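**Student:** Dropping a prediction and its sequence here:
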Amino acid sequence: MSDGSVLFQYARQAGRGCKGGLQALVLAAALVAVDANADTVACDGPDAVVLHPAAQPASDARAYWLDAGTLRWPGKPLGGHYRLLASAHAGLRIQPGGVATGIDRSLPLLPAGALPADVASRFRFTGPGVELQLAAEAASALPQLLQGQLLLVQEDADGRVLDATHVQHPGALDVLYAEADGDRAPLGAVPGGGATWFRLWAPTATSVSVCLYRDGASAASERFELARDARTGTWLDAVPRDLRGGYYTYLVEVFVPGVGIVRNRVTDPYSVSLTTDSARSYIADLQDPALKPPGWDTASRPAAAASNTDMAIYELHVRDFSIGDASVPRAHRGKYLAFTDTASNGMRHLRALAEAGITDLHLLPVFDIATIPEAGCATPAIPDAAPDSDAQQSVAMEVAARDCFNWGYDPYHYTAPEGSYATDPADGAVRIREFRAMVQALHAAGLRVGMDVVYNHTSAAGQAARSVLDRIVPGYYQRLDAEGRVATSTCCANTATEHRMMARLMRDSVATWAREYRIDSFRFDLMGHQPRAAMRDVQRAADAAAGRRIPLIGEGWNFGEVADGARFPQAAQGMLNGSGIATFSDRARDALRGGGCCDSGADLVARQGLLNGLAYAPNARARDKASRAELRHAADLARAGLAGTLRDYPMQLADGRVAPLSALDYKGMEAGYASQPGEVVNYVENHDNPTLWDVNALKLPSSTPAAERARVQLLGAAFVAFSQGVAYFHAGMDVLRSKSLDRNSFDSGDWFNRLDWTYADNGFGAGLPPAQDNGKDWDLLRPVLRNADAKPSAADIAWMRDAFRDLLRIRASTPLFRLRSADEVRKRLAFRNTGPGQDPTVVVGHLDGHGMQAGFDEVLYLLNVAPDTRVLDLPAEAGKRYVLHPVQAAATAADPRPRQARYEAATGRFEIPGRSVVVFVVDTGEGTR
């Protein structure tokens, strides 16, 4: 029986009793019998071979396909002469002022009619220009034409070329192959039933074949041609045997503007695992028992969060967690398996956090990362040098590109575990199994597991070595600018999740992580670069895959080529109301820390915040520069954070007005933007930018003792813990983590990113931070790093560790800190000490627990950021049976200072010690005196 007959029989069997059976039968019948002896030389040759060089070296694409027959050339007049020229072998040559040559086909263009409203809206960002239509006969040939070189030319009356450009084709591809978006057949390699299917969406390719390998190093054993499904643009075929455990790549022959017809050897964008350094994709059935750690199928996991507001998240990097932990077996340090070493210092720390109130551990990127060597990475020997020396960073940065560390925001393959965190990156099975073991261990510790995902960009594009998507469908997966260049506003090669198949890739990837790895939530890097509609689709897919609600949170920053809805309604701050998807809020963050995310020079010190002395304890550079009005405004922004950044929450503002938070200014924007508390993530520190300890090292008066600095750190954590919404903490914040003033430690190595679970050292004074992002400020940073008062003792670190856990216990003690709706927040939260007569150094919130099972009838929290005791008269709180919160009243409380607080029931007068977090409660049923 021929291979083709085997495939036909396989499709009949696979299709029995299922809706897709007829489709599988038809596709299999159409497949050409594969030749297992096809030439495998190309499988082991160069990654890219130019088969037909482009006669036209220009690669600009200034025109757009609006659909499968209409195009627009912005800036061009309607009355010109235009043609669409085609060449199957990249032979078009255009000389301005000359006549086009190398033409296989010339397609006349007609003026286009009125555009449908949805098309006009989608492409409004291009600006106006001539709109042209293919004749019906030519439009029917467009799928074939898009497989070759197409140039849109403007000519004069004599046929001389005035201008020429490629045409951006996603608008056409999304219409022509819309069914690919909803196709239930999984993309990638799928073994099972005695066969292995391969499916790759590559509608503009002229040929696709699969190279098979026995392992990650040996030469190719076979090469099979795939067949093109004209309906979906997917190339597919089945090999009539189960290939699980083997490896593969694709050979894709495709036109690349400015290059020509190229044969690219690429890995699969739907890879579920790979070999070392992502050289080859791994064939796996993720339900295979061999890919599961012992007990995986029956292991329990924490219940899903009933509401986003019940989440208290600890953000952690896999390598940071254990690379310096001597209590972890050496082979596990920096690896997934470190989380399975339950007796280690690090795991004891995580369990203690879970017992206190942390509910979720969010992992920095753990998908396949392009910038961490998976074998043979370098480990620098850091010298013992002065706290302000440049020697440490010099050695660390000398090998930064080759060391074992990176944050990981450089996605290579979105749905495969990173190999550098596996004990054997060469074996595609190991990273799958060990990743699952990590999740299983964290679930056993009582922690849900979230992961940081980065679908807004790729690490490379075009014909670059680590480019995957753009070497399969050039110009589709990446977002292009008006010249046809890949947009890079995200820092790297932006992706275009507004395009159907990039949105599907994101959706399928998240669903796989949720279903196959039991990931409980996702944090989306630069989520504001993605369409709101695409994110809502992701939410539905993730929930369905997991069989439970999967919280989605992300960075909703509004910037770049998509800003203000230029290309689509974004998943950005203020644009997700009602979605249940949460964005990080910078409102209270900046007010508390001072300044902004990207300060440099004198502003690093001069721009103080509510926590570190704005107007009330000026440092040497800030003296006489900040006003009490600025301080009152900062206090209002801190209150906005405590109120969940709700746009409709009413509050008396510093100027005396009672107004919604949307009327409060934040750098020219509305401070309040969210509709529900579950749609906001509150934080004062995360992996980006200097840690809070380092910010305060810069901004607090230099003579502030380390013990008092620890108190400022605790106050920052308290503002997060007591804010309505999601509470988000950076790993190590609870042990005074410092990165030695590094503002951007993404590639700064283990030295500047280390965590010490023995609580002996916080990392401050580890040398000047790397020159790349900090060198211009070294003269300013040197005296700060030399300041002995900015270096905490082990006792200071232990105090913060324990006091932080007490904060978590207070947050967990009552749902009043975790209200689930805006109505409940408006009903139950009220601020005292507001308006023009306030003392802005003491932020006071009152929570009303009557009518709900809150544990307390009332909660009153007072956050005094001033270094000295403050006295407040709050007549509304007179006559109540306030006592200190049980956690703070206990003899075991880490911080004795709250017990010095005084409350006079007769008058409502409170005395609050300096730099303290004080929580009073009225026990249920106690009422007033």
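**Tutor:** The structure has been received and is ready for your questions.
**Student:** how much space between the residue sitting furthest away from the middle of the chain and residue 96?
**Tutor:** When each C-alpha in the chain is compared with the mean C-alpha position (Cα atoms, centre = their mean), residue 158 comes out farthest, at 53.7 Å. Look at residue 158 and residue 96: by Cβ to Cβ, to the nearest Å, they are 14 Å apart. All C-beta atoms are positioned from the backbone trio N, CA, C, and that covers glycine.
**Student:** what do you get for residue 594?
**Tutor:** Taking Cβ to Cβ, one finds residue 594 at 55 Å from residue 96.
**Student:** The two: who's more crowded?
**Tutor:** residue 594 (26 against 11; other Cβ atoms under 10 Å).
**Student:** Look at the closest residue to the more buried one other than its chain neighbours and tell me its secondary structure.
**Tutor:** Excluding the flanking residues, the one nearest residue 594 by Cβ to Cβ, 6 or more residues apart in numbering is residue 609, at 2.9 Å. Here residue 609 is coil, with the state taken from DSSP: H, G, I helix; E, B strand; the rest coil.
**Student:** Extract the residue ranges of this protein that are flagged as low pLDDT.
**Tutor:** 1-38, 623-624, 927-929 (pLDDT under 70).
**Student:** Please save the CA atoms from the longest helix anywhere in it in CSV.
**Tutor:** As assigned by DSSP state H, the longest helix anywhere in the chain is helix 794-812. Provided in CSV are the C-alpha atoms of helix 794-812 (Å, rounded to 0.1, in the frame of the first residue of the first chain):
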residue,chain,number,x,y,z
ALA,A,794,20.5,41.1,59.0
ALA,A,795,18.3,42.2,61.8
ASP,A,796,16.7,44.9,59.6
ILE,A,797,16.0,42.3,56.9
ALA,A,798,14.5,39.8,59.3
TRP,A,799,12.3,42.5,60.8
MET,A,800,11.0,43.4,57.3
ARG,A,801,10.4,39.8,56.5
ASP,A,802,8.3,39.2,59.5
ALA,A,803,6.5,42.6,59.4
PHE,A,804,5.6,42.0,55.8
ARG,A,805,4.0,38.7,56.7
ASP,A,806,2.0,40.4,59.3
LEU,A,807,0.7,42.8,56.7
LEU,A,808,-0.4,39.8,54.6
ARG,A,809,-2.2,38.4,57.6
ILE,A,810,-4.1,41.6,58.1
ARG,A,811,-5.1,41.7,54.4
ALA,A,812,-6.2,38.1,54.6
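**Student:** which strands and helices sit next to it?
**Tutor:** Helices and strands touching helix 794-812, by 3 or more Cβ pairs under 8 Å, 6 or more residues apart in numbering; DSSP states H and E, are strand 312-316, helix 345-356, helix 706-721, helix 886-889.
**Student:** Is it correct that residue 179 is in contact with residue 231?
**Tutor:** Yes: using Cβ atoms under 8 Å, residue 179 is in contact with residue 231, at 5.7 Å.
**Student:** Return the set of buried residues in the longest helix of the chain.
**Tutor:** 796-812 (16 or more other Cβ atoms under 10 Å).
**Student:** what does it contact?
**Tutor:** Around helix 794-812, the neighbours that count as contacts under Cβ atoms under 8 Å, 6 or more residues apart in numbering are 312, 352-353, 356-358, 706-707, 709-710, 713-714, 717-718, 721-722, 727, 733-736, 759-762, 792, 817-818, 885, 887-888, 893-895, 917, 919.
**Student:** May I see the PyMOL selection of the buried members of these?
**Tutor:** Burial among the contacts of helix 794-812 is assessed by 16+ other Cβ under 10 Å; the matching PyMOL selection reads:
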select buried, resi 312+352+353+356+357+358+706+709+710+713+714+717+718+721+722+727+733+734+735+736+759+761+762+792+817+818+885+887+888+893+894+895+917+919
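**Student:** Quick one: residues contacting the residue lying closest to residue 398 once chain neighbours are set aside.
**Tutor:** Leaving aside its chain neighbours, residue 398 sits nearest to residue 380 (6.9 Å; criterion: Cβ to Cβ, 6+ apart). Residues near residue 380 by Cβ under 8 Å, 6+ apart: 395-396, 398-399, 403, 749, 751.
**Student:** With residue 754 instead?
**Tutor:** Residue 754 touches 320, 323-324, 763, counting by Cβ under 8 Å, 6+ apart.
**Student:** Residue 828 too?
**Tutor:** Counting by Cβ under 8 Å, 6+ apart, residue 828 has contacts 816, 819, 847-849.
**Student:** Would you format these as TSV with distance to residue 78, secondary structure and neighbour count included?
**Tutor:** Formatted as TSV, the contacts of residue 828 follow (distance: Cβ to Cβ, whole Å; DSSP: H, G, I helix; E, B strand; the rest coil; neighbours: other Cβ atoms under 10 Å):
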residue	distance to residue 78	secondary structure	neighbour count
816	64	helix	25
819	57	coil	26
847	64	strand	24
848	65	strand	18
849	68	coil	19
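**Student:** Out of these, which comes closest to residue 566?
**Tutor:** Residue 566 has its nearest neighbour among those in residue 819, at 35.0 Å by Cβ to Cβ.
**Student:** The closest one contacts residue 825, correct?
**Tutor:** Yes: using Cβ under 8 Å, residue 819 is in contact with residue 825, at 5.0 Å.
**Student:** what's the overlap in contacts for the two?
**Tutor:** 644, 677, 724.
**Student:** Among these, name the ones in strands.
**Tutor:** Using DSSP state E, no member of the shared contacts of residue 819 and residue 825 sits in strands.
**Student:** Can you select the buried ones from these in ChimeraX?
**Tutor:** Listed next is the ChimeraX selection for buried residues among the shared contacts of residue 819 and residue 825, using 16+ other Cβ under 10 Å:
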select :644,677,724
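**Student:** Next, count neighbours for residue 904.
**Tutor:** Count around residue 904 with other Cβ under 10 Å applied: 12.
**Student:** is it in a bridge, and if so with what?
**Tutor:** Assessed by DSSP bridges, residue 904 has beta-bridge partners residue 909.
**Student:** quick one: it from residue 487, how far?
**Tutor:** 61 Å.
**Student:** before we move on, what about residue 676?
**Tutor:** In terms of Cβ to Cβ, residue 676 sits 32 Å off from residue 487.
**Student:** quick one on the thing from earlier: between the longest helix of the chain and strand 312-316, how big is the angle?
**Tutor:** 140 degrees (axes from the mean of the first three to the mean of the last three Cα atoms, to 10 degrees).
**Student:** Past helix 794-812, which element shows up next along the chain?
**Tutor:** helix 822-828 (DSSP states H and E).
**Student:** who does the helix or strand just after that next one touch, helix- and strand-wise?
**Tutor:** Downstream of helix 822-828, the first helix or strand assigned by DSSP H and E is strand 829-832. Using 3+ Cβ pairs under 8 Å, 6+ apart, the elements in contact with strand 829-832 are helix 628-642, strand 842-848.
**Student:** want to throw those into a markdown table with distance to residue 298?
**Tutor:** Output for these, formatted as a markdown table (distance: least, Cβ to Cβ, whole Å):
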| stretch | distance to residue 298 |
| --- | --- |
| helix 628-642 | 42 |
| strand 842-848 | 41 |
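**Student:** Tell me which of those sits nearest to residue 693.
**Tutor:** Between these, helix 628-642 lies closest to residue 693; by Cβ to Cβ that is 19.1 Å.
**Student:** residues in contact with that closest one?
**Tutor:** Applying Cβ under 8 Å, 6+ apart, the contact partners of helix 628-642 are 585, 587-592, 609-610, 614-616, 649, 651, 653-654, 661, 664-666, 671-672, 682, 719, 722-724, 829, 831, 834, 836, 838, 840-841, 843, 845.
**Student:** among the residues you listed, which are in helices?
**Tutor:** Going by DSSP H, the helices hold 587-592, 719 from the contacts of helix 628-642.
**Student:** Format these as a markdown table; extra columns: neighbour count and distance to residue 544.
**Tutor:** Shown next, in a markdown table, are these (neighbours: other Cβ atoms under 10 Å; distance: Cβ to Cβ, whole Å):
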| residue | neighbour count | distance to residue 544 |
| --- | --- | --- |
| 587 | 25 | 34 |
| 588 | 30 | 34 |
| 589 | 25 | 34 |
| 590 | 21 | 38 |
| 591 | 27 | 39 |
| 592 | 28 | 39 |
| 719 | 27 | 36 |
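**Student:** Nice, that's everything, thank you.
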